[in-house]
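Enquirer: The following comprises the amino acid sequence and a computationally predicted model.
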Amino acid sequence: MSRVKDTSLAASGRLKIDWARDHMPVLRKIQARFERELPFQGITVAMCMHLEMKTAVLGQALMAGGGTVAITGSNPLSTQDDVAAALAESGAHVYAWRGVNPQEHHENLLRVLGHNPKLIIDDGGELSVAVHTEQQQLIPGMIGACEETTTGVHRYRAMEKAGLLKYPVIAVNDTRTKFLFDSQHGTGQSALEGVMRATNMLIAGKTVVVAGFGWVGRGIALRAKGLGARVVVTEVEPVRALEAVMEGCSVMPMKEAARIGDIFITATGCKGIITSEHFEEMKDGAVLANSGHFDVEVDVKELRRLAVSSRVARMNVEEFKMRNGRRLYLLAEGRLVNLGAADGHPAEVMDMTFADQALCAEHLVKNKGKLAPRVHGVPPEIDRSTATLWLETHNIGIDHSTAEQLQYLNSWQ
Ligand SMILES: NC(=O)c1ccc[n+]([C@@H]2O[C@H](COP(=O)([O-])OP(=O)(O)OC[C@H]3O[C@@H](n4cnc5c(N)ncnc54)[C@H](O)[C@@H]3O)[C@@H](O)[C@H]2O)c1
């Protein structure tokens, strides 16, 4: 059973999924093993993720491992309707279409949970928040959950701290083969791609303001620099601000950056980063985009209140005319620009993240009943195996320490 926009779009979605799978050799290898070993036999996996081609490859790998997949999108603009149709055609229960409103999104979460899942793969913690607040009858049967993003990990840790978390969760986001590549290089490239596709603007010579110099922010800042932008970073954490300085970025408070920026990209995971005091300072033509998980970083409500008029200027671009004639351009409604206005991360990095997801889901099943109901790190052997498989499938060899070298490294004399 599925609810998608248009089942006749499946052919186009199949092509996209095939393209992604071709660029995801690690997940293909894992899928081949899953087909033999069927680790998810009899298990329904609930997924709330950006429903685009790479996610479909992960869903199909879990189904190949014997699982049943029920899935919804984790952002109203990131669902690609053709991919959703193709994934449904291949046997998943899909409840997603581009442009869902908040009520539809919530109904879709409940539809997914209606399949009585034993495993969850979350991107933002939404399925587990719904389980803990509205669907507690699912808790006794739940093996555990995997979380994809920083904001979701924050939410799960807050649940654990409050003593409310009822099953084990693996913070897939926090492992090296995820954040070093997906968050940094994946978002770095795809967020700028989103800005470029939406606006067709030249980045060279522009002042690009990046809010937050975490894994996502540094990826965006350094890619923007590589494209010839002057990069300004805003931060609240002194060491990260220092890192930005050493990478050649200017660092200043947002109030100052607001006056000089041509393009603003938020990547903090926090709310209220660009607000009315900043809109008032911005130049005519300034572009506003967000790459943090939720649409809380640019205060869109306030922007609407301050503007005298607004219109759709281009696909994924809304123009706001301010009282003094200045125009500000908001991309993808202030939601994740890389998924709302582009195709998200390249498949090569999602190959690592989703290999981690698939292996962590398998780890939860293999350790059913043995893991405490708290947030766990990714087992180091999974991180290592994902990196090793990626190098192998790209024909990249590395050296191996000799016994003598290992002894040297472990000695003190
Ligand atoms: N767009 C995507 O595809 C994608 C991919 C990965 C992560 N994310 C999301 O991006 C966000 C950031 O993730 P991350 O892994 O870089 O997190 P992170 O914790 O590594 O970095 C966030 C940075 O923002 C800074 N910050 C916090 N409040 C700030 C403020 N008021 N002003 C300026 N800086 C501030 C923090 O000090 C920190 O350095 C999260 O919401 C995460 O879920 C999005």
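Expert: Structure received. Numbering: from 1, shown residues only.

Enquirer: need the residues of the stretch 151-300 of the chain near the ligand, please.
Expert: 151, 179, 183, 187, 211-217, 234-237, 240, 267-270, 273, 291-293 (C-beta under 6 Å from any ligand atom). Backbone N, C-alpha and C define where each C-beta goes, glycine included.

Enquirer: which of these are buried?
Expert: Neighbour-count burial within these applies to 151, 179, 183, 187, 211-217, 234-235, 240, 267-270, 273, 291-293; the criterion is 16 or more other C-beta atoms under 10 Å.

Enquirer: who's in contact with the residue in the chain that the ligand sits nearest to?
Expert: Residue nearest to the ligand within the chain: residue 214 (1.7 Å; C-beta to the nearest ligand atom). Contact partners of residue 214, counting by C-beta atoms under 8 Å, 6 or more residues apart in numbering, are 150, 183, 240, 267-269.

Enquirer: Can you tell me which residues in the stretch 1-150 of the chain are near the ligand?
Expert: Contacts of the stretch 1-150 of the chain with the ligand, taken as C-beta under 6 Å from any ligand atom, map to 149-150.

Enquirer: what bits of the stretch 1-150 of the chain have low per-residue confidence?
Expert: Filtered on pLDDT under 70, the stretch 1-150 of the chain yields no residues whatsoever.

Enquirer: which stretches of it form helices?
Expert: For the stretch 1-150 of the chain, helices defined by DSSP state H, counting those that start in this stretch occupy the ranges 10-22, 25-37, 53-64, 81-89, 102-113, 126-134, 150-161.

Enquirer: rewinding a little: go through the buried ones among the residues of the stretch 151-300 of the chain next to the ligand and flag which are in helices.
Expert: Residues of these located in helices (DSSP state H): 151, 187, 215-217, 240.

Enquirer: ok, now which ones touch the residue positioned nearest the centre of the chain?
Expert: Taking C-alpha atoms, centre = their mean, the centroid of the chain lies closest to residue 149, which sits 5.6 Å from it. Taking C-beta under 8 Å, 6+ apart, we find residue 149 in contact with 123-124, 173, 293.

Enquirer: where's it relative to residue 136, distance?
Expert: Distance of residue 149 to residue 136, given as C-beta to C-beta, to the nearest Å: 24 Å.

Enquirer: So for residue 126, what's the nearest residue that isn't a sequence neighbour?
Expert: Excluding the flanking residues, the one nearest residue 126 by C-beta to C-beta, 6 or more residues apart in numbering is residue 48, at 5.1 Å.

Enquirer: Contacts only, for the nearest residue to residue 114 once chain neighbours are set aside.
Expert: Leaving out its chain neighbours, the residue that sits closest to residue 114 by C-beta to C-beta, 6+ apart is residue 70, at 7.9 Å. Residue 70 makes contact with 44-47, 92-93, 95, 111-115, 117, according to C-beta under 8 Å, 6+ apart.

Enquirer: Mark which of those are buried, thanks.
Expert: 44-47, 92-93, 95, 111-113, 115, 117.

Enquirer: Nearest to residue 54 among these?
Expert: residue 47 (12.4 Å; C-beta to C-beta).

Enquirer: For residue 98, give its distance to residue 271.
Expert: For residue 98, the distance to residue 271 (C-beta to C-beta) stands at 24 Å.

Enquirer: who has more neighbours, the two?
Expert: More crowded of residue 98 and residue 271, by other C-beta atoms under 10 Å: residue 98, with 17 against 14.
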